[in-house]
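Peer 1: Have a look at this prediction, sequence included:
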Amino acid sequence: MAQSKKIGSQLNRSTPLFRKNNGGRMKPNVLSADYIVGLTDGEGSFSVYLNPPNKKHYAIHYRVQCRYYIKMREDDLPLLQKVRSYWGCGKIYFQKEYRENQRNNYRFEIFDYDLLSRIVVPFFKKNSLQSKRIKDFELFCQILDLAMKKEHHTTKGLQKIMGLKRQMHA
């Protein structure tokens, strides 16, 4: 009898891992690594943007922007907030949709080289993607490594990055 009181006391102080939403379906309060992988497989992207030198700002080299993001409809903002909480970093941006029959979106994004190399890349190396995004991730890793070494400041390095980028999202 004393043991059941002890268990009951522990249960009263516990937070359930799942809670029911309005439809009665169970929703996790904390996202798992598998969930993040699946969400990235379905709604995520590893993207690289190359911006030419901006003479107005006296830039002489291309700028390489590496970005990991998950984009979802605006009614999924609470889920993206959980994603941000899971990673412990990143930003959420509103993206207005101007095309007909499309909804506004929110985009969770990590673009800082240090965060990408210390947190995102090791996570996806440990927790493998299952979709065709794995190819983009592998190319993304190569480009991020080259960009961190400032290889894009040389003609040969920039050409290599451009070649890898052309293979992404194909």
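Peer 2: Yep, that arrived.
Peer 1: Quick check: next helix or strand after the strand of greatest length in the chain?
Peer 2: In the chain, assigned by DSSP state E, the strand with the most residues is strand 63-73. Using DSSP states H and E, the helix or strand that follows strand 63-73 in sequence is helix 77-87.
Peer 1: my guess is S131 contacts D41, does it?
Peer 2: Yes. Look at S131 against D41 with Cβ atoms under 8 Å: they come within range, at 4.0 Å. The C-beta positions use only the backbone N, C-alpha and C, and glycine is treated the same way.
Peer 1: what stretches of this structure score poorly on pLDDT?
Peer 2: Applying pLDDT under 70 to the chain flags the ranges 1-29, 56-59.
Peer 1: mind checking the longest helix of it?
Peer 2: helix 133-148 (DSSP state H).
Peer 1: Where do the helices of the protein begin and end?
Peer 2: Under DSSP H, the chain gives helices at 2-12, 33-43, 77-87, 113-115, 121-126, 133-148, 155-167.
Peer 1: Deepest-packed of the ones you listed, please.
Peer 2: Counting by mean count of other Cβ atoms under 10 Å, helix 133-148 has the highest mean neighbour count of those, with a mean of 19.
Peer 1: List the contacts of it.
Peer 2: 40-41, 44-48, 64, 66, 68, 113, 116-117, 121, 124, 128-129, 152, 157, 160-161, 164-165, 167-169 (Cβ atoms under 8 Å, 6 or more residues apart in numbering).
Peer 1: Understood, closing this out.
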